[in-house]
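Peer 1: Pasted the sequence and its predicted model underneath.
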Amino acid sequence: MASPFTMFRPYFQFRSKLAFDSCLRSSVRVQHSLRSKSSSALSQDVEGLSESSDLYKIDVKYPPIKPKYPPGKWGQMDHKYAWRWNEARENQLSIPDVQGRINALTEKEMQVIQLEPINDHPASLLFRQYATKTVMRPWEEVPLYNDEITEEDFSQTVSQLGKDISDFLLMEHEVLQRHSSDGETIQTHLCQYLIRLISNSLITRLGNHFPHLKTCQYDENVLVRSLWDRHGIERKRRRYTSDSDVLLFDPVQDQRIVSEGYFQAMLRSHQPLPPVRMN
């Protein structure tokens, strides 16, 4: 005899299959609905992200990268000093009128060095006297070599000599500008020419008063020289600091001075020069 469970098994299987199919359809519909919702939300998120990224690009601005040197040609100058000079230039250009710029330059205290246009070693006489232990006598204490020349003739000779030197310097300046070469060679030749000019001018101007000058000879590069070697000269030694822009110096006495003085030229005559007459 068949059991009740056996009799109802086909019916139970049929009802179970219907329930499973309905659950499966519901699950599929739910998953499809979730997928559609998630896809729409994802699309909304992507659109919002793109809108926010566009807004981010428009609002945010990065600062410009500062170049190493300001505009212009600065050569081998340190870039820090170049920016300082550029800032000073911009400050001057910001002043609208010329008088205001002049006042800005003149009212501020600045240190300047005034150099003679011809002398390459300004204020070197006192240093050379100190380094070589030389004493210069005032012109008033220099004795006269001869009383035959009057004060009027002497003043006239000095005036003519000054005019000759002025004409020579102007001419040599134009020549050196047209034929420029090494600066040290130019200066050496200029000194030799200048001394030769002074000698020739003195011989010409004073030849009427001193006949022996008309027979004198002029020698250049005479082997007469003097040498000095001194130690313990005071100098300023730089103090090294962490900041390269800060310059500090300490006075020390360890400088060595080696000097050489020699004649550029010499005048000589077959007649002895008049002796020095002491007053």
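Peer 2: Received the coordinates, thanks. Numbering: from 1, shown residues only.
Peer 1: So residue 86 is in contact with residue 70, correct?
Peer 2: Yes: the pair residue 86 / residue 70 is scored as a contact, 3.8 Å apart, by Cβ atoms under 8 Å. Every residue, glycine included, has its C-beta placed from N, CA and C.
Peer 1: ok, now how distant is residue 198 from residue 206?
Peer 2: From residue 198 over to residue 206 the distance is 12 Å, taken as Cβ to Cβ, to the nearest Å.
Peer 1: go on, residue 127?
Peer 2: For residue 127, the distance to residue 206 - Cβ to Cβ - is 33 Å.
Peer 1: go on, residue 199?
Peer 2: For residue 199, the distance to residue 206 - Cβ to Cβ - is 11 Å.
Peer 1: and what of residue 75?
Peer 2: Applying Cβ to Cβ, the value for residue 75 to residue 206 is 52 Å.
Peer 1: And residue 92, by the same measure?
Peer 2: For residue 92, the distance to residue 206 (Cβ to Cβ) stands at 56 Å.
Peer 1: Between these two, which is the more surrounded one?
Peer 2: Neighbour count, other Cβ atoms under 10 Å: between residue 92 and residue 206, residue 206 has more, with 17 against 12.
Peer 1: ok now do the more buried one, which residues does it touch?
Peer 2: By Cβ atoms under 8 Å, 6 or more residues apart in numbering, residue 206 lies in contact with 149, 157, 213.
Peer 1: Filter those down to the buried ones.
Peer 2: Buried subset of the contacts of residue 206 (neighbour count, 16 or more other Cβ atoms under 10 Å): 157, 213.
Peer 1: any idea which of the contacts of residue 206 is closest to residue 247?
Peer 2: Residue 247 lies nearest to residue 157 out of those, by Cβ to Cβ, at 50.2 Å.
Peer 1: In space, what's closest to the closest one - neighbours in sequence excluded?
Peer 2: residue 205 (4.7 Å; Cβ to Cβ, 6 or more residues apart in numbering).
Peer 1: Could you do residue 260 as well?
Peer 2: Leaving aside its sequence neighbours, residue 260 sits nearest to residue 227 (Cβ to Cβ, 6+ apart; 5.5 Å).
Peer 1: Correct me if wrong: that neighbour contacts residue 259.
Peer 2: Yes: counting by Cβ under 8 Å, residue 227 does reach residue 259; the two are 7.2 Å apart.
Peer 1: Of the two, which one has the most company?
Peer 2: Taking neighbours as other Cβ under 10 Å, residue 227 and residue 259 compare with residue 259 leading, 13 against 10.
Peer 1: Can you classify the more buried one by secondary structure?
Peer 2: Three-state call for residue 259 (DSSP: H, G, I helix; E, B strand; the rest coil): strand.
Peer 1: returning to what we had before: what would the contacts of residue 206 look like in CSV with distance to residue 79, pLDDT and secondary structure?
Peer 2: Output for the contacts of residue 206, formatted as CSV (distance: Cβ to Cβ, whole Å; pLDDT from 0 to 100; DSSP: H, G, I helix; E, B strand; the rest coil):
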residue, distance to residue 79, pLDDT, secondary structure
149, 65, 72, coil
157, 59, 81, helix
213, 63, 75, helix
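Peer 1: Mind putting the contacts of residue 206 into JSON lines with distance to residue 243?
Peer 2: Shown next, in JSON lines, are the contacts of residue 206 (distance: Cβ to Cβ, whole Å):
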{"residue": "149", "distance to residue 243": "64"}
{"residue": "157", "distance to residue 243": "60"}
{"residue": "213", "distance to residue 243": "64"}
